[in-house]
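In: Sequence and predicted structure below; questions after.
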Amino acid sequence: AQSVTQLDSHVSVSEGTPVLLRCNYSSSYSPSLFWYVQHPNKGLQLLLKYTSAATLVKGINGFEAEFKKSETSFHLTKPSAHMSDAAEYFCVVSTGTGGSYIPTFGRGTSLIVHP
Amino acid sequence: GAGVSQTPSNKVTEKGKYVELRCDPISGHTALYWYRQSLGQGPEFLIYFQGTGAADDSGLPNDRFFAVRPEGSVSTLKIQRTERGDSAVYLCASSLQTSVGDTQYFGPGTRLTVL
């Protein structure tokens, strides 16, 4: 079984300040983990993914995430928020359990960036 | 190159009617996924195809929902006797193959409204 919990439904930051979006997962097998971003009226876009290589993963637009097995976490960070970062962010886990490759999405975190 | 496309972008129908939603994946992608996203929620898995066959349809909510991919490229999601609860954004995604770490590329979605 696999599940993912995004700990905050909304995160509000000021432009230029750090961003932290939290994600915890549960899986019976070694997971792959993803962060996707969804801008209003746009399709979901991959930010970054972890697939059992380096635990610190760098993505697009200055985002990065660290896989911490002991904490079952995969938090998304960015040193300095930009207005264009305002969007919905989804954490995703996939384990291929039983040969079926069904990703499980979190409920999403809405990032609000204030000028 | 062209991304994943979905048609129509919006569909309004009356309760009890039949609808078809189309997905054109990225050329060469063997895996195709359908999701449903309700307001304020993350995408919820419905079904995925590996080639022409449905590899896992465990997410289809009931037998009113059906999907096909006869030639291993374009897929159609079919909903019979629509209900108001079927109103949601239906997302399609494709990936090069089916594996745990594969990136899924999403279409813009079809917004279905059942009156």
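Out: In hand now; what should we look at? Numbers count the residues shown, from 1 in each chain, chains lettered A, B, ... in the order given.
In: rest of the way, CA atoms for contacts and neighbours
Out: OK.
In: Direction included, what does the worst-scoring helix or strand of chain B on mean pLDDT pair up with?
Out: When each helix and strand of chain B is scored by mean pLDDT, DSSP states H and E, strand B:53-56 comes last, with a mean of 89. If you go by DSSP bridges, strand B:53-56 pairs up with strand B:44-50 (antiparallel).
In: contacts for the strand it pairs with?
Out: A:102-105, B:30-37, B:54-61, B:67, B:69, B:72, B:97-98 (Cα atoms under 8 Å, 6 or more residues apart in numbering or on different chains).
In: Stretch A:48-66 now?
Out: By Cα under 8 Å, 6+ apart, the surrounding residues in contact with stretch A:48-66 are A:30-36, A:47, A:67-68, A:73-79, B:100-101.
In: just the residues of chain A that are near chain B, which are they?
Out: Chain A has residues A:31-33, A:41-46, A:49-51, A:90, A:94-96, A:100-108 near chain B, with proximity defined as Cα under 8 Å from any Cα of the partner chain.
In: Separate out the buried members of those.
Out: A:31-33, A:43-46, A:49-51, A:90, A:94-96, A:101-108 (16 or more other Cα atoms under 10 Å in any protein chain shown).
In: buried residues in the least confident helix or strand of chain B?
Out: Buried, per 16+ other Cα under 10 Å, within strand B:53-56: B:Ala54, B:Ala55, B:Asp56.
In: Would you agree the last one is in contact with A:Pro103?
Out: By that I understand B:Asp56. No: look at B:Asp56 against A:Pro103 with Cα atoms under 8 Å: they stay out of range, at 11.9 Å.
In: can you list residues touching both of the two?
Out: Residues touching both B:Asp56 and A:Pro103 (Cα under 8 Å, 6+ apart): none.
In: Break down chain B into its strands, ranges please.
Out: Here chain B has its strands, by DSSP state E, at B:5-7, B:10-13, B:19-24, B:31-37, B:44-50, B:53-56, B:65-68, B:75-79, B:88-95, B:105-106, B:110-114.
In: residues making contact with the third one?
Out: Put plainly, it is strand B:19-24. B:4-8, B:13, B:73-80, B:82, B:92, B:107, B:110.
In: and that strand, how far out from the chain's middle?
Out: Offset of strand B:19-24 from its chain centre (Cα atoms, centre = their mean, to the nearest Å): 7 Å.
In: same check, this time on the longest one
Out: When C-alpha coordinates are averaged (Cα atoms, centre = their mean), strand B:88-95 and its chain have centres 5 Å apart.
In: Over that strand, what's the mean pLDDT, rounded is fine.
Out: What strand B:88-95 shows for mean pLDDT is 96.
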